[in-house]
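Asker: Turn this into a model:
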Amino acid sequence: MKGRIAMSTLDSITTGAQVGAFLPLLTAIVQRPTWSAEVKKVVAAVLALIAGIVTVAASGGWAQFQHGTLTIATLAAVLAASQATYDLLWKPSKVAPVIESVTSPKPSGQAG
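Answerer: Numbering: from 1, shown residues only. Predicted coordinates:
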């Protein structure tokens, strides 16, 4: 039984890391260039928490939340992967900042 729980934990962490790797692209749709760094960090963390909860539920249904270690590990994997891939890949490549800029409403008086 322990091997099965460990395997599902590993699967859940792997899925969480995969979700987290692409989460910054979705977060960029919500973020606005004019927001402070602190607000952007809070929004990214909240979206990672939500994505982690959805990942746990999608991995094995709502019953998965009975396994505290599995839930915490998945939430941590989503958060860690999202922050790491943003800092190492999406921000330096300018992909996330471009998405953020393109999806942000233009200030009034500025042509789109």
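
Asker: Going along the chain, name the strands of the chain.
Answerer: For the chain, strands defined by DSSP state E do not occur.

Asker: helices and strands of it: which one bottoms out on pLDDT?
Answerer: One helix or strand of the chain scores below all others by mean pLDDT, DSSP states H and E: helix 2-30, with a mean of 82.

Asker: got the buried residues for that one?
Answerer: For helix 2-30, burial by neighbour count (16 or more other CB atoms under 10 Å) applies to 9, 12-13, 15-17, 19-21, 23-25, 27-28. Every C-beta, even on glycine, is put in place using the N, C-alpha and C of the backbone.

Asker: if we take those, which one ends up nearest to W90?
Answerer: Nearest to W90 among the buried residues of helix 2-30, counting by CB to CB, is P24 at 4.6 Å.

Asker: just checking, S104 touches V30?
Answerer: No. Taking contacts as CB atoms under 8 Å, S104 lies outside contact range of V30: 9.7 Å.

Asker: Find residues that contact each of the two.
Answerer: Counting by CB atoms under 8 Å, 6 or more residues apart in numbering, S104 and V30 have no contacts in common.

Asker: Enumerate every residue touching the closest residue to A45 other than its chain neighbours.
Answerer: Distances taken as CB to CB, 6 or more residues apart in numbering place L79 nearest to A45, at 6.8 Å, with adjacent residues excluded. Applying CB under 8 Å, 6+ apart to L79 gives the contacts 20, 45, 48-49, 52.

Asker: Same question for R32.
Answerer: 100, 104.

Asker: Need phi/psi at it.
Answerer: Main-chain torsions, R32, degrees, to the nearest 10: phi -120, psi 140.

Asker: What segments of the chain are helices?
Answerer: 2-30, 37-60, 68-85, 95-103 (DSSP state H).

Asker: so what pLDDT did G109 get?
Answerer: Model confidence at G109, given as pLDDT, is 59.

Asker: residue contacts, the spatially closest residue to T85 that is not a sequence neighbour?
Answerer: If the residues on either side of it in the chain are set aside, T85 comes closest to A21, at 4.7 Å by CB to CB, 6+ apart. A21 is in contact with 81-82, 85, counting by CB under 8 Å, 6+ apart.

Asker: Many thanks, I have nothing further to ask.
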